[in-house]
Structures are given as structure tokens and as C-alpha cells.
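> Need coordinates for the below:
(chains A and B)
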2 protein chains.
Amino acid sequence: MTRFDEFQNSLGIAPNMLTRRLNSLVDAGLLERRRYSEHPPRHDYVPTMRGRDLLPVIIALLAWGNKHFAPEGPSVVLINRKTGAAVDPILSDPATGRPVEEPDYTLAAGPAAGPRTRQRYGAIGDTASSTRKRAPGRRRPASTARTR
Amino acid sequence: MTRFDEFQNSLGIAPNMLTRRLNSLVDAGLLERRRYSEHPPRHDYVPTMRGRDLLPVIIALLAWGNKHFAPEGPSVVLINRKTGAAVDPILSDPATGRPVEEPDYTLAAGPAAGPRTRQRYGAIGDTASSTRKRAPGRRRPASTARTR
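Here you go, the predicted model:
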């Protein structure tokens, strides 16, 4: 579904409202307006990479809402298309295949972290660097080191 | 981190602002106020199940933001605690271990779907029921069936 009329039929909202929403999704870089006919001039709307990458967030939010805000059952569910089974998706680490959860996974300050974020999370590799020996040339006198 | 003072130190915001935010998180059912001392009366704030279940959504949102809105690198990253490796998490199906993505996975109308949602997604098992034979007792005359 990429065309104005299709969105309008599916959503059942007023054209001016739909125009406003599509424009703001284009402005936000989530949809791209694409010309598909020159005569007459017509365009449709396709998700950008940024928009496509938002899908897992939306699905995770859907699963959360279905679990906690749908006492009479969900209106929309994620399914395995082959089996028809409803899916309760989890966030996982593609490198290990394991679920992203404590204590195996945690948040840490990244390269662009400011001082407060660094203080809050500790920088990446802090554990490693704190066990790493200081280079001899940078070693300070014991008296100074003691007060650090 | 569960206590007012800890949140305040970590966030560096005014106490009245923090109070307002904590109250709205309690009202939304994401945090629970828990009495931990009777004399003097003191309470702290712990995530409810609803609050804990929101974590994957927040982490998925973080990963999306890091990918699309952090040209100078991320401030906060998800890491594998053992290896220190940064993780780009994916949504997966715990039943199959496979990534939740088209065409293997899709959205469908759930049990509480209204007519418009049913029309938009098709109900679960529609494919199955459309190939299922109608029970003989409910079969209609061919003349009626032709106009359906």
C-alpha cells in the first residue's frame, strides 16, 4: 500500500488529515514521495530505510500493548505466516542468538557520550581498562597515586 | 537505582519535575511506589511487570536512534557484558529463533479486531477457512451462491 487513495480507504480519515500526516512522515524522513506517473503527475509514498528500520520498534510496542492493554484480546497480532501461530517477539543479539536481557546485556556510554552519560553508565571497556596496567612512562609516584 | 535521590543525582533535574515524572510513571502503571522504611516513612520506586516489559521497546528505539540520528556516534549503546561488543539487536521469534521480518512474519487481525481492522489485515486463519469446505447442511442453492 503506497498510494493516497489506498491509505485513505484503509484508514478512513479525511483527506486533509491524511495529507498532513503523510507530509509529516515525509518531513521526518520516514516516507519518501516518489513520482510514478508524469502524465498526469502522480506520486506515491514508500518507506525510507529509516522508516523500515522503525518497524521492529512498532512491533515491539504492539506486543507490549497486546500484553498489557488488551484484556479482551488483541486487535492486531504478529503471526508466523506459514504456521499461523501468534508470535510474542523478543529482542535478541544476532551475534549470539541470545535474548537481550540482564545480566548478559547492559547499556553503556558510547563514543559520543557527554560527561554525565559517561558518569551514569561508565564508558565502554571501562572494566577492561581498569584491569589494564598503566604504561610505565605514565606511571605516577606512589604518593600521587594514593590520593587519586 | 530506585530512590528519589538517586534519580535526582543521575538525571540532574529539579525535585518538583522529578516528582511529577515519577508520579506519572506510577499512574501509568510502569513504576510501583514501595515503602522500604516505616520510621521514618520512606519509599522507593521499582518497575512493575508492565514497566519491565517496556524495556525491549526502549532498547529497539535506542538502536533505531543510534543508527539514524547519531552521525557523530551514539551516546548510549547496548553491549554484551562479557565481551564488551556493541550489539545491534533484532526482533526475533522465540519459537523459531528467526528474525521477525517479511515475508515469514506478518500482522493479522486478532480476536478483538473490529470490522475495519479485519478488513485491513484479514483475520487469523482466513487462508485456512477459505479452503475449508462448507458443511453440507449450510450449503446454499447454486443460484444464491452465484450472487455472493
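
> burial count for A:Pro111?
Neighbours of A:Pro111 under the rule other CB atoms under 10 Å in any protein chain shown: 13. Every residue, glycine included, has its C-beta placed from N, CA and C.

> what helix or strand does it sit in?
Assessed by DSSP states H and E, A:Pro111 sits outside every helix and strand.

> any idea how far it lies from B:Ile59?
18 Å (CB to CB, to the nearest Å).

> likewise A:Leu91?
Going from A:Leu91 to B:Ile59 by CB to CB gives 6 Å.

> which residues are in contact with both of these two?
In terms of CB atoms under 8 Å, 6 or more residues apart in numbering or on different chains, A:Leu91 and B:Ile59 are both contacted by the residues A:Val100, B:Pro89.

> Have a look at the two and say which one is more surrounded.
The residue with more neighbours, out of A:Leu91 and B:Ile59, is A:Leu91; 23 against 20, by other CB under 10 Å.

> Once you drop chain neighbours, what's closest to the residue positioned nearest the centre of chain A?
Nearest to the mean C-alpha position of chain A, by CA atoms, centre = their mean, lies A:Val57 at 5.0 Å. Distances taken as CB to CB, 6 or more residues apart in numbering or on different chains place B:Ala60 nearest to A:Val57, at 4.5 Å, with adjacent residues excluded.

> List the contacts of the nearest residue to A:Arg81 once chain neighbours are set aside.
Spatial nearest neighbour of A:Arg81, excluding adjacent residues (CB to CB, 6+ apart): B:Thr106 at 5.1 Å. Contact partners of B:Thr106, counting by CB under 8 Å, 6+ apart, are A:Leu78, A:Ile79, A:Arg81.

> and B:Thr106, helix, strand or coil?
Put simply, B:Thr106 is strand when judged by DSSP: H, G, I helix; E, B strand; the rest coil.

> Would you map the strands across chain A?
Taking DSSP state E, the strands of chain A run over residues A:31-37, A:42-47, A:76-80, A:90-92, A:105-109.
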